[in-house]
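**Student:** dropping a prediction and its sequence here:
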2 protein chains.
Amino acid sequence: MAKKPLIPRRSPCPLNASVEMLGDRWSLLILRDMMVWGFQTFKEFLGSHERIATNILADRLRRLEKSGIIASKPDPSDGRKQIYVLTAKGIDLAPVLAEMVLWAARHEKTGNQQLIRSLKGNKEQVIAHIRKTWAEQQNPPRKP
Amino acid sequence: MAKKPLIPRRSPCPLNASVEMLGDRWSLLILRDMMVWGFQTFKEFLGSHERIATNILADRLRRLEKSGIIASKPDPSDGRKQIYVLTAKGIDLAPVLAEMVLWAARHEKTGNQQLIRSLKGNKEQVIAHIRKTWAEQQNPPRKP
């Protein structure tokens, strides 16, 4: 659903709307960790390769939740803890991240060649797989 | 060509490489101004809707040039001035920006509905048109 932002934006441009929500390196890395690695907890994000600082992580999780890109809920395995999950709006960012990976792979020396090969081979299929994994997390099959 | 970065990156992840170069709202808006509106001068960027500050603009142009995404050269109509143009690496970002526009259009209230309609109708054709316009700027036809 198209919504008005809580804070007035600097312009009506759709790219500006995106960068006001995403124009920060850490937000995009958190979304990668959720999409590609299935991370859900504060501790998992903290342990990521790029070593995000605790205060930045807390701030970015709050902003992403305010923008409706992620949601927090009690951890089913320990109700005192929070987990973070992508919303439908969040998982819709998979094509943006895929294009960023492909661009970097084309112009920079990077790791994760397996993901790059998959994306180069069949981008749509990789994105469909990411969406499917996400959908299954939303509605886990009932235990018999 | 894949190159090693001048400054060591925080991780070998290809998305991290992208966000270390682009993870800032102003850089992406400058690239939009070059790709979509054909802006080339400092004055044009300054006049853009989002009202970038002079010092931030100067800094981001310098960074984008360092990353090989844009290049500066003397203005053909006034050699004392500089103009900024997208490199091949820069124009290769068109799919990233296109996906960001489409995502925002799906989830937010935004302007520029004409661009959104074109992108929804035929993304590949819009990107091909942006590339063609760029290529023509690189090698302008000789005057008879």
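**Tutor:** All right, it came through fine.
**Student:** please make it C-alpha for all contacts and neighbour counts, starting now.
**Tutor:** Noted.
**Student:** can you tell me the closest non-neighbouring residue to residue A:91?
**Tutor:** Nearest non-adjacent residue to residue A:91, counting by Cα to Cα, 6 or more residues apart in numbering or on different chains: residue A:131, 6.7 Å away.
**Student:** list the buried residues in the helix or strand encompassing that neighbour.
**Tutor:** Using DSSP states H and E, residue A:131 sits within helix A:113-138. By 16 or more other Cα atoms under 10 Å in any protein chain shown, the buried positions in helix A:113-138 come out as A:115, A:116, A:119, A:123, A:126, A:127, A:130, A:131, A:134.
**Student:** pLDDT value on the fifth one, please?
**Tutor:** To tie it back to what came earlier, the one meant is residue A:126. pLDDT recorded at residue A:126 is 95.
**Student:** what do you get for the last one?
**Tutor:** According to the model's per-residue confidence, residue A:134 sits at a pLDDT of 94.
**Student:** helix or strand for the closest residue to residue A:63 other than its chain neighbours, which one?
**Tutor:** Nearest residue to residue A:63, sequence neighbours excluded (Cα to Cα, 6+ apart): residue A:21, at 7.9 Å. Using DSSP H and E, residue A:21 sits within helix A:14-22.
**Student:** quick one: that helix to helix B:113-138, angle?
**Tutor:** The directions of helix A:14-22 and helix B:113-138 differ by 100 degrees, with axes from the mean of the first three to the mean of the last three Cα atoms, to 10 degrees as the criterion.
**Student:** ok, back up a step: my read is that the residue nearest to residue A:91 contacts residue A:90, right?
**Tutor:** No: using Cα atoms under 8 Å, residue A:131 makes no contact with residue A:90, being 10.5 Å away.
**Student:** list the contacts for the residue nearest to residue A:63?
**Tutor:** A:63, A:64, A:67 (Cα atoms under 8 Å, 6 or more residues apart in numbering or on different chains).
**Student:** so which of those are in helices?
**Tutor:** If you go by DSSP state H, the contacts of residue A:21 have A:63, A:64 in helices.
**Student:** biggest strand in chain A by residues?
**Tutor:** strand A:78-86 (DSSP state E).
**Student:** so which elements touch it?
**Tutor:** Strand A:78-86 is packed against helix A:25-35, strand A:70-75, with contacts defined by 3 or more Cα pairs under 8 Å, 6 or more residues apart in numbering or on different chains; DSSP states H and E.
**Student:** so what touches that strand?
**Tutor:** A:31, A:34-35, A:40-42, A:69-75, A:134.
**Student:** in that strand, what counts as buried?
**Tutor:** Across strand A:78-86, burial judged by 16+ other Cα under 10 Å covers A:83, A:84, A:85, A:86.
**Student:** quick one: which of these is nearest to chain B?
**Tutor:** residue A:86 (14.2 Å; Cα to the nearest Cα).
**Student:** got the confidence number for that closest one?
**Tutor:** Per the predicted model, pLDDT is 97 at residue A:86.
**Student:** so it bridges to which residues?
**Tutor:** In this entry, residue A:86 is beta-bridged to residue A:70, by DSSP bridges.
**Student:** does the strand or helix carrying residue A:100 come close to chain B?
**Tutor:** Taking DSSP H and E as the criterion, residue A:100 maps to helix A:94-107. Yes: applying Cα under 8 Å from any Cα of the partner chain, one finds that helix A:94-107 is in contact with chain B at A:95, A:96, A:97, A:99, A:100, A:101, A:102, A:103, A:104, A:105, A:106, A:107.
**Student:** tally up the residues packed near residue A:66, please.
**Tutor:** 14 (other Cα atoms under 10 Å in any protein chain shown).
**Student:** angles on the backbone of residue A:67, please.
**Tutor:** Per-residue torsions, residue A:67: phi -80, psi 0 (degrees, to the nearest 10).
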